[in-house]
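S.K.: Turn this into a model:
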Amino acid sequence: AYSIFLVGSLAGNSIVGIIVYRTKTMRKTINFFIVNMAMSDLFFSVFAFTWELTGFNAGSWLIRGILGHTLCKMVSFATVVSVAVSIQSLVLIAVDRFGAVVFPLRSPLIGPKLCSFLILATWIFAITTQFPHYVVYKFVEYPEKLACEVRWNEVFDESSYYIFQIYIIVLSIIELYIPFALMTILYSIILFKLKTQKVPGEQSINTKNLRAKMQRNVLTMAIAIVSVFAICWLPISVLSFLSTFGWEPSCGTVRYWFAAQIIASANCAINPCICFIFSGNFRQGLKSLLDTFFCEIFKFKVNFAIPS
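M.R.: As a prediction, the model looks like this:
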């Protein structure tokens with residue numbers, strides 16, 4: 001299952017990025033935020049796969065020595081950074097849709113320059129706020145196995161572990177609960193506005209219907225991405241939060257951890273599928289990309305079969 005999700009994430013998210021890069025009409029603010037999320041999903045897939053391989057290796061870390069120590073820190077740090085970037089990208093998508101629907105005749109809330117700045121800011125903010133994860137994860141060699149574990153007591157004073165717990169609580173509020181509360185409010189306003197909105201000026205019925213349909217399609221895609229993200233990440237978030245405060249999974253609950261990890265990993269492969277399902281522009285871009293790919297293969301075969 002993990003291998004399927006890895007391949008699906010690598011292929012799907014790469015294609016999303018290539019489509020937006022190749023198609024000038026797709027170079028819009030919301031699509032840049034979707035690409036930012038796709039890149040964070042790629043980031044997560046590559047590094048998180050190392051954790052999953054550890055699980056298949058009887059729970060033992062795969063590599064010893066300095067390289068093992070470095071990978072332990074980098075993998076644990078990169079996975080949480082990528083998740084933080086994805087959540088921020090979802091918020092920015094919601095803000096962009098809010099401006100497009102609620103204030104349709106005004107200039108965009110997020111212009112091209114601000115868009116580039118915000119994308120960079122998502123990574124800087126995620127790296128800064130998640131940096132303690134890089135510090136506290138340690139590579140540990142047990143007689144029976146190798147492990148990558150949180151070792152707060154070895155880095156800081158043992159009595160200060162409560163600071164780490166407070167950090168987790170504050171981080172959860174800032175990067176999880178507040179963003180999803182904000183997105184819930186924004187999308188509720190957007191849905192209400194779409195039901196009651198009357199576009200000023202004289203427009204034909206066909207133009208109004210076409211515009212409303214385009215808005216609904218983009219909004220449906222955005223809400224679907226947020227909903228799937230919440231569903232996929234809620235179980236593992238709850239379990240991780242509980243484990244920080246002393247809860248340890250027993251033999252009977254390990255399967256829930258395993259299921260939660262699979263569901264969370266699946267999100268990276270599901271997001272590109274949502275784009276292709278709900279967006280005609282992404283479907284057209286995929287079709288164009290596949291046509292180009294098969295055309296190049298055909299040309300290569302023809303040139304190879306007919307030597308000059």
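
S.K.: ok, now which ones touch residue 72?
M.R.: Residue 72 makes contact with 61, 137-139, 148 under the criterion C-beta atoms under 8 Å, 6 or more residues apart in numbering. Every C-beta, even on glycine, is put in place using the N, C-alpha and C of the backbone.

S.K.: ok, for it, nearest residue in space, not its chain neighbours?
M.R.: Spatial nearest neighbour of residue 72, chain neighbours left out: residue 148 (3.8 Å); criterion: C-beta to C-beta, 6 or more residues apart in numbering.

S.K.: any idea how far residue 74 is from that neighbour?
M.R.: Note on residue 148: its distance to residue 74, by C-beta to C-beta, to the nearest Å, is 10 Å.

S.K.: Check residue 248 and give its pLDDT.
M.R.: According to the prediction, residue 248 has pLDDT 66.

S.K.: Repeat that for residue 210.
M.R.: 66.

S.K.: any weak-confidence spans in this protein?
M.R.: Within the chain, the stretches with pLDDT under 70 are 1, 50-62, 155, 157-159, 197-212, 214, 246-254, 298, 300-308.

S.K.: ok, longest helix in it?
M.R.: In the chain, assigned by DSSP state H, the helix with the most residues is helix 205-244.

S.K.: Would you mark the buried spots in that helix?
M.R.: For helix 205-244, a neighbour-count test (16 or more other C-beta atoms under 10 Å) marks 215, 218-219, 221-226, 228-230, 232-233, 235-237, 239-240, 244 as buried.

S.K.: Could you list every helix and strand that it packs against?
M.R.: If contacts are counted by 3 or more C-beta pairs under 8 Å, 6 or more residues apart in numbering; DSSP states H and E, helix 205-244 sits against helix 29-56, helix 65-102, helix 161-172, helix 178-196, helix 254-278.

S.K.: For those helices, give me CSV that also has distance to residue 14.
M.R.: Output for these, formatted as CSV (distance: least, C-beta to C-beta, whole Å):
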stretch, distance to residue 14
helix 29-56, 7
helix 65-102, 15
helix 161-172, 30
helix 178-196, 26
helix 254-278, 9
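
S.K.: Many thanks, we can stop here.
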